[in-house]
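Engineer: Predicted structure and sequence below. I'll ask about it afterward.
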Amino acid sequence: MLEILRLLFGTVLLRPYVFTFFAAYLFLAITAIGWRRTTLFTVVAFVIAFLCEYSSIHNGFPFGLYYYIETTYSQELWIAGVPFMDSLSFTFLSFVSYQMAILLRSSLIVRRNDIQVVLTKQLANSWVTSILAGILMMYLDIVIDPVALQGDKWFLGKIYYYPNGGSYFGITIANFLGWWFVCTAILRIYIFLEKYISKQEATLYYPFKGLFPAGLYFGILGFNLTMTFLIKEITMGWASTFICFLLALLLTQHISACRRFNPTPSLKEHKKDYPNSSLAKAYPKL
């Protein structure tokens, strides 16, 4: 037990950026869906991510065949040949992709001093939302994995490799499809199990809450984009920049479009679906 705690502490010291993103995820998730559903989402995401990574390093599904290099085995926590921090990362990556999909598909309350997502259960539980979230997480991976593969050039370290190489800056197309699959699977299983948590917890209202998941999403992209340029992978960096620009443009266009539409019908459905929502209390007259 003491050895596990030592390795877990070592993981935090070795990967502080992972736990910074994880802490931001916990704040966003707890204030959006409550601590019970956050706990469920975290467990589901971690277990599915771990099982998929374990499967991939043994039989190539769903990410394609790759191998971890255990250079930090004595410094951080590993579970059955998989770095703990790697599976943990899927919790905030899948959640923020889910919230981005919701943001891009929902009606928004857009004010000069506020932007809020008007969520409905139909939209949250929709297969279209889950599939879009998987695509958005795949876009994250298109930026993350090429620079992660070059981890020996920065403080990540060389932690994995593809024995047969890959067609996109060394990354296989199967890996991108695998990220889409894993995110979609996490969401569908979470949505299936979430209905057994009957109590809708009260949520927290704060200004521009609707944009905070986008802030974390682009923060993760920005961190990896910065590392890409710092290690002088210029072509890779510009390819990733164009992806970030397209996503930012889509988000800006959606916010602009929502300025012209009345959110009241969606807000009425939101209040019916989520009676304890902080949004219902913040906008009682809409």
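Structural biologist: That came in fine, so what should we check first?
Engineer: Provide a complete list of residue ranges assigned to helices in the stretch 51-200 of the chain.
Structural biologist: Taking DSSP state H, counting those that start in this stretch as the test, the helices found in the stretch 51-200 of the chain are 84-105, 121-124, 127-149, 173-194.
Engineer: Can I get those in TSV including distance to Cys244?
Structural biologist: Using the backbone N, CA and C atoms, a C-beta is placed for each residue, glycine as well. Below are the helices of the stretch 51-200 of the chain laid out as TSV (distance: least, C-beta to C-beta, whole Å):
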stretch	distance to Cys244
helix 84-105	13
helix 121-124	25
helix 127-149	7
helix 173-194	16
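Engineer: what's the most buried one of the ones you listed?
Structural biologist: helix 84-105 (a mean of 24; mean count of other C-beta atoms under 10 Å).
Engineer: What residues does Tyr160 make contact with?
Structural biologist: By C-beta atoms under 8 Å, 6 or more residues apart in numbering, the contact set of Tyr160 is 66-69, 148-149.
Engineer: Between all of those, which two are separated the most?
Structural biologist: Tyr67 and Ala148 (14.1 Å; C-beta to C-beta).
Engineer: In the protein, where is pLDDT below threshold?
Structural biologist: Of all residues in the chain, those with pLDDT under 70 make up the ranges 286.
Engineer: Tell me, how many residues neighbour Glu269?
Structural biologist: Using other C-beta atoms under 10 Å, Glu269 is surrounded by 17 other residues.
Engineer: ditto for Tyr196
Structural biologist: Neighbour count for Tyr196, taken as other C-beta under 10 Å: 7.
Engineer: so how far is Ala202 from it?
Structural biologist: For Tyr196, the distance to Ala202 equals 19 Å [C-beta to C-beta, to the nearest Å].
Engineer: ditto for Ile243
Structural biologist: Distance of Ile243 to Ala202, given as C-beta to C-beta: 37 Å.
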